[in-house]
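A.B. asks: Structure for the following, please:
(one chain, ligands or ions: 2)
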Amino acid sequence: MTMRTQLSVVKIGGNIIDNPEACSRFLQDFSKVKGPKILIHGGGKVATQVAASLQIETKMVDGRRITDKPMLDVVTMVYGGLVNKNLVAQLQSLGTNAIGLTGADGGIIRSVKRPVKSLDYGFVGDIVAVDGKQIEQMIASGLVPVIAPLTYSNEGLLLNTNADTMASATAVALSTYFDTNLLYCFEKKGVLADPDDDDSVLESLTPPTYTAYKAKGSINKGMIPKLDNAFAALTDGVGKVTICHANDLAQAVLGNAGTVVTLD
Ligand SMILES: Nc1ncnc2c1ncn2[C@@H]1O[C@H](COP(=O)(O)OP(=O)(O)O)[C@@H](O)[C@H]1O
Ligand SMILES: CC(=O)N[C@@H](CCC(=O)OP(=O)(O)O)C(=O)O
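C.D. replies: Ligands and ions are numbered 1, 2, ... in the order given. The predicted structure is shown next:
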């Protein structure tokens with residue numbers, strides 16, 4: 001068996017992005033991660049704050065933002081501009097040659113507007129294709145892609161897309177070229193057995209344990225779609241998935257922190 005190069009696909013959540021000190025610390029650690037890497041960022045919290053300052057109300061259903069036209073304009077400005085470009089500037093100052101992209105840039109992540117059923121999510125995209133080759137070529141030329149949670153459709157729409165799903169789909173597409181290590185970084189030490197006890201970190205999590213904790217209610221809210229994305233990634237060829245604190249990225253890349261999600 002030939003050894004393939006390891007690629008770290010790192011997702012950073014909105015609570016860290018909203019906190020300048022935590023974000024700067026995370027970026028220092030990210031810039032030190034060895035080997036090829038990709039950063040996928042959220043920013044939901046900043047979008048909600050900017051929307052509120054413009055008197056635009058935020059509506060979320062199952063962790064997904066209802067995105068009408070005014071909200072689409074907000075998330076385009078916030079994710080594609082404010083958040084993405086500040087991350088790129090900070091990474092450049094740390095010596096990491098980051099290139100900021102939405103899914104539309106280079107045609108890397110295409111989606112379809114979510115069909116209206118009982119609920120109209122508005123301008124929300126469901127991913128249909130990731131151009132892994134295009135992303136691999138950027139990495140091969142020494143760049144570190146920093147991807148915002150926006151995708152594009154064949155009709156020319158820019159669509160709001162959940163960042164956890166972007167990370168999972170991107171890691172899957174890059175598994176053709178690399179041994180992919182997907183890391184979800186956020187503000188807790190991992191998946192907690194008791195959401196009120198920050199130290200009750202599960203070392204590993206399998207589908208039956210997940211189902212049990214979900215039924216008890218100890219895994220809830222945003223952690224449910226995150227874990228569904230984590231299991232989907234493993235099923236579709238991603239080598240390893242870890243859920244960890246943004247402060248623990250360096251340790252988690254080596255397998256020494258956070259919750260490792262496994263299929264069995
Ligand atoms: N068992 C659990 N362990 C850790 N976090 C949990 C758990 N159950 C629910 N959560 C919640 O899930 C949230 C993470 O999901 P989300 O807000 O989507 O994260 P992100 O900021 O990475 O996008 C945490 O802030 C936490 O409040
Ligand atoms: C469709 C949809 O819900 N998109 C997300 C994209 C941002 C995101 O996922 O941010 P976090 O990782 O910080 O939660 C949203 O607008 O909140």
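A.B. asks: From now on I want contacts and neighbour counts done on CA atoms only, so please keep to that.
C.D. replies: Will do.
A.B. asks: any idea how far ligand 1 is from Val191?
C.D. replies: The gap separating Val191 from ligand 1 is 4 Å, by CA to the nearest ligand atom, to the nearest Å.
A.B. asks: Verify the contact between that residue and Val201 for me.
C.D. replies: Yes. Applying CA atoms under 8 Å as the test, Val191 and Val201 come out as touching, 5.7 Å apart.
A.B. asks: okay, and the common contacts of these two?
C.D. replies: 258-259 (CA atoms under 8 Å, 6 or more residues apart in numbering).
A.B. asks: Looking at the two, which is more packed in?
C.D. replies: Val191 (28 against 19; other CA atoms under 10 Å).
A.B. asks: per-residue confidence for the more buried one?
C.D. replies: Note on Val191: pLDDT of 98.
A.B. asks: Spit out the contact partners of it.
C.D. replies: By CA under 8 Å, 6+ apart, the contact set of Val191 is 201-202, 219, 223, 243-244, 258-259.
A.B. asks: Give the phi and psi angles for Asp5, as a check.
C.D. replies: Residue 5: Thr, not Asp. Backbone geometry at Thr5, expressed as degrees, to the nearest 10, gives phi -70, psi 140.
A.B. asks: Tell me the spacing between it and ligand 1.
C.D. replies: When Thr5 is compared with ligand 1 (using CA to the nearest ligand atom), they lie 26 Å apart.
A.B. asks: and if you look at Gly13?
C.D. replies: 4 Å.
A.B. asks: so what's the backbone phi/psi at that residue?
C.D. replies: phi -90, psi 170.
A.B. asks: What of Cys244?
C.D. replies: Backbone phi and psi, for Cys244 under degrees, to the nearest 10, turn out to be phi -150, psi 170.
A.B. asks: can I assume it is in contact with Leu182?
C.D. replies: No. Using CA under 8 Å, Cys244 is not in contact with Leu182; the gap is 10.7 Å.
A.B. asks: can you confirm Pro145 is in a strand?
C.D. replies: Yes. Counting by DSSP: H, G, I helix; E, B strand; the rest coil, Pro145 falls inside a strand.
A.B. asks: Can you get me a residue count around it?
C.D. replies: Count around Pro145 with other CA under 10 Å applied: 23.
A.B. asks: Check the spacing between the nearest residue to Asp18 once chain neighbours are set aside and ligand 2 real quick.
C.D. replies: Distances taken as CA to CA, 6 or more residues apart in numbering put Val46 closest to Asp18, at 6.2 Å, once the chain neighbours are dropped. Separation of Val46 from ligand 2 (CA to the nearest ligand atom) stands at 8 Å.
A.B. asks: What about Val46, how many residues nearby?
C.D. replies: Taking other CA under 10 Å as the criterion, the count of residues near Val46 is 21.
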